[in-house]
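Undergrad: Sequence unavailable; structure follows:
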């Protein structure tokens, strides 16, 4: 494979991945993720984006600073509170899907391969459009948390548990 086909960008839907990791009972290390996807010879990491919702502007400050020092571009949005009629409870959500898609298309000329950490079916159409531009898309998620539409639209799907030994975070 020539150099031109090995420019990679990584997009991490932080909130979606938090729940996937919680479901699996283990967490991945953002540094090991970068190492894992750039270990092939001639692979160039162009961008790594991390998207997360915050309770307030200081929320996750240390974690965000660590991500930035690793080379991630961190995008945040303050969580909004919603009332769920079905459960009768309030829940918080920060939907960063639009930010992820905008960054994917704004940087599309810079990469050949995308690694998307998300199971959200809302990305189906964006993935289809990126593939039409000869971009290779890999989606990383976990069973029971990946939308059928997203899995169907992608070039390849990798379950987090299949790469656990390569990306798991170890307690220091």
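TA: Noted; the coordinates are in hand. Remember, it's a predicted structure, so these values are computed and weren't measured experimentally.
Undergrad: Please count neighbours and contacts with C-alpha atoms only from this point.
TA: OK.
Undergrad: Walking through this structure, point out its helices one by one.
TA: 14-24, 30-37, 61-70, 97-106, 124-131, 148-153, 164-167 (DSSP state H).
Undergrad: what does the average pLDDT come to for the strand ranked longest in the chain?
TA: Criterion DSSP state E: the longest strand present in the chain is strand 44-54. Confidence for strand 44-54, expressed as mean pLDDT, is 97.
Undergrad: by contact count, what packs against it?
TA: Strand 44-54 sits against strand 7-13, helix 14-24, strand 73-78, with contacts defined as 3 or more Cα pairs under 8 Å, 6 or more residues apart in numbering; DSSP states H and E.
Undergrad: Just the buried positions in it, please.
TA: Buried residues in strand 44-54, counted by 16 or more other Cα atoms under 10 Å: 44, 45, 47, 48, 49, 50, 51, 52, 53, 54.
Undergrad: Could you give the separation of it from the chain centroid?
TA: Relative to the centre of its chain, strand 44-54 is centred 7 Å away, using Cα atoms, centre = their mean, to the nearest Å.
Undergrad: repeat for stretch 74-88
TA: Distance, centroid of stretch 74-88 to centroid of chain: 19 Å (Cα atoms, centre = their mean).
Undergrad: what's the distance between residue 44 and residue 26?
TA: Distance, residue 44 to residue 26, by Cα to Cα, to the nearest Å: 28 Å.
Undergrad: Please report phi then psi for residue 29.
TA: Dihedral pair for residue 29: phi -100, psi 120, per degrees, to the nearest 10.
Undergrad: In contact with it: list those residues for me.
TA: Counting by Cα atoms under 8 Å, 6 or more residues apart in numbering, residue 29 touches 167, 168, 169, 170.
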